[in-house]
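1. A predicted structure for the sequence below; I have some questions about it.
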Amino acid sequence: MAPSIDERGSSGIKTRILIVSDTHGAGPSPTPTLPNHKRTPFHTPLPKVDVLLHCGDMTMVGHLEEYQNTLDWLSEIDAELKLVIAGNHDISLDEEYWHRKGHKMQRLKEPNPDLPRLAKEMLNGEEARKIGVRYLEEGVHEFVLKSGAKLRVYASPYQPEFCDWAFPYFRHEDRFNPPEHVPPTASPIAENPIPDFPAIDVLMTHGPPFGRLDRTHRHESVGCEHLLRAARRCRPRLHAFGHIHEGWGVDRVVWRGEPGGPVDGEWQNHVEKAEAIPVDANKMFEEKGVYVDVSSDAGDRELVFGKETLMVNASVMTVRYQPLQGPWVVDLDLDRA
């Protein structure tokens, strides 16, 4: 049986976070079995939590009705705060991209030039706020929960250019580090760089860092080296992302060196070790998610802030766009506001 949300940790405030990504227009199934007779852990009702994170790709191609469908199923989630970012498929939220190519991707004969504005207004509107949804654009955001916990989030929808979809940057461009942390082989383009440790509790990006839950079905690592370097410098308690459906899973990462130390440019040198969290498929199906406790209640499994980061690829869809991968439910301690 899943533990209760009301159990609070002793050193800090225990906070339960539900993480999903890449739902692509689909909400939780009303039944545990899909029309193709496959069992899905992504079915109603999803677990009660303090905070929900949706790490992008709410839609297939950024239509307004897809965003509305996302708001409809998010309204059914029992969570005080629901944080949402865009992904590369949410093309109408990237205004520059949409005006360049979005209307072609949507196959519209008469594109509506107001679509990017309407999409953002929907996600920032009264209906969204009433159900606890906060749409986050790139940068730092802070929240205080009813429990008294302080939640500090860095959000970004950007990822390395991927088949010319939305929110792209080139691989030689570093979007996440200030110039003094950019190697000579890269070009600094950060408008809102990720801050240093200990400024952030949760790093919330659409794309993964390089070498961490980023392998495609062709066995290629396609994450971002610059994001990995920034994550090591930032050392959040939790780094949640999606984008690479095949990368679904959780790694408990131990960083090399101490916070504030030098961060060289070689991706192999950032991580001291990483432990993959095992998954019991039957238990995931029964509990509608995979539970990971790294709070003070976990004893010697408590996460060491500044030394470790729990990295979560929460893509619900498989590579064949079937919702067969469960949400992740993470218990961790946050500081009191």
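-> Noted; the coordinates are in hand. Residues are numbered from 1 along each chain as shown.
2. just the pLDDT for the residue lying closest to R117 once chain neighbours are set aside.
-> Distances taken as Cβ to Cβ, 6 or more residues apart in numbering place E95 nearest to R117, at 7.9 Å, with adjacent residues excluded. In short, each C-beta sits where N, CA and C put it, glycine included. pLDDT, the model's per-residue confidence, is 95 for E95.
3. residues contacting the lowest-mean-pLDDT helix or strand in the chain, please?
-> Of all helical and strand segments in the chain, the minimum by mean pLDDT, DSSP states H and E falls on helix 103-105, at a mean of 83. Outside helix 103-105, the residues that touch it by Cβ atoms under 8 Å, 6 or more residues apart in numbering are V61, G62, I91, P111.
4. and with 10 Å instead?
-> Outside helix 103-105, the residues within contact range by Cβ atoms under 10 Å, 6 or more residues apart in numbering are 60-62, 89, 91-92, 97-98, 109-113, 115, 164-166.
5. selecting buried members of these in PyMOL, what would you type?
-> Applying 16 or more other Cβ atoms under 10 Å to the contacts of helix 103-105, the buried members can be selected in PyMOL as follows:
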select buried, resi 60+61+62+89+91+92+97+98+115+165+166
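6. against A274, how distant is H219?
-> Distance, H219 to A274, by Cβ to Cβ, to the nearest Å: 18 Å.
7. higher neighbour count, the two?
-> Taking other Cβ atoms under 10 Å, H219 and A274 do not tie; A274 has more neighbours (16 against 7).
8. thought that one was touching V254?
-> Yes - A274 sits in contact with V254 when judged by Cβ atoms under 10 Å, with a separation of 7.1 Å.
9. quick one: common contacting residues for those two?
-> Common contact partners of A274 and V254 (Cβ under 10 Å, 6+ apart): E308, T309.
10. what helix or strand does H141 sit in?
-> Secondary structure from DSSP states H and E places H141 in strand 139-144.
11. is it true that the residue nearest to R117 touches K101?
-> No - E95 lies out of contact with K101 (Cβ under 10 Å); the separation is 11.8 Å.
12. which neighbours do these two have in common?
-> Joint contacts of E95 and K101 (Cβ under 10 Å, 6+ apart) are A166.
13. state the mean pLDDT of stretch 27-44.
-> Averaged across stretch 27-44, the pLDDT comes to 95.
14. circling back to that earlier point, residues in contact with the residue nearest to R117?
-> Counting by Cβ under 10 Å, 6+ apart, E95 has contacts G102, L115, P116, R117, A119, K120, A166.
15. of the residues you listed - the most surrounded one?
-> Highest count within these by other Cβ under 10 Å belongs to A166, 30 neighbours.
16. which residues are in contact with it?
-> Here A166 is in contact with 56-57, 61-62, 86-98, 100-102, 105, 157-159, 206 (Cβ under 10 Å, 6+ apart).
17. if you set the cut-off to 6 Å instead, what comes out?
-> Taking Cβ atoms under 6 Å, 6 or more residues apart in numbering, we find A166 in contact with N88, I91, D94, Y97.
18. next, it: phi, psi?
-> phi -80, psi 160 (degrees, to the nearest 10).
19. what about the nearest residue to it once chain neighbours are set aside, how many neighbours?
-> Once flanking residues are discounted, A166 sits nearest to D94: 3.8 Å by Cβ to Cβ, 6+ apart. D94 has 24 neighbouring residues, counting by other Cβ under 10 Å.
20. D94 touches W165, doesn't it?
-> No - using Cβ atoms under 6 Å, D94 makes no contact with W165, being 8.8 Å away.
21. give me the number of residues near the spatially closest residue to T23 that is not a sequence neighbour?
-> Leaving out its chain neighbours, the residue that sits closest to T23 by Cβ to Cβ, 6+ apart is V316, at 5.2 Å. The number of residues packed near V316 is 28, by other Cβ under 10 Å.
22. against P116, how distant is V316?
-> V316 is 25 Å from P116, by Cβ to Cβ.
23. cool, C163 as well?
-> From C163 to P116 the distance is 20 Å (Cβ to Cβ).
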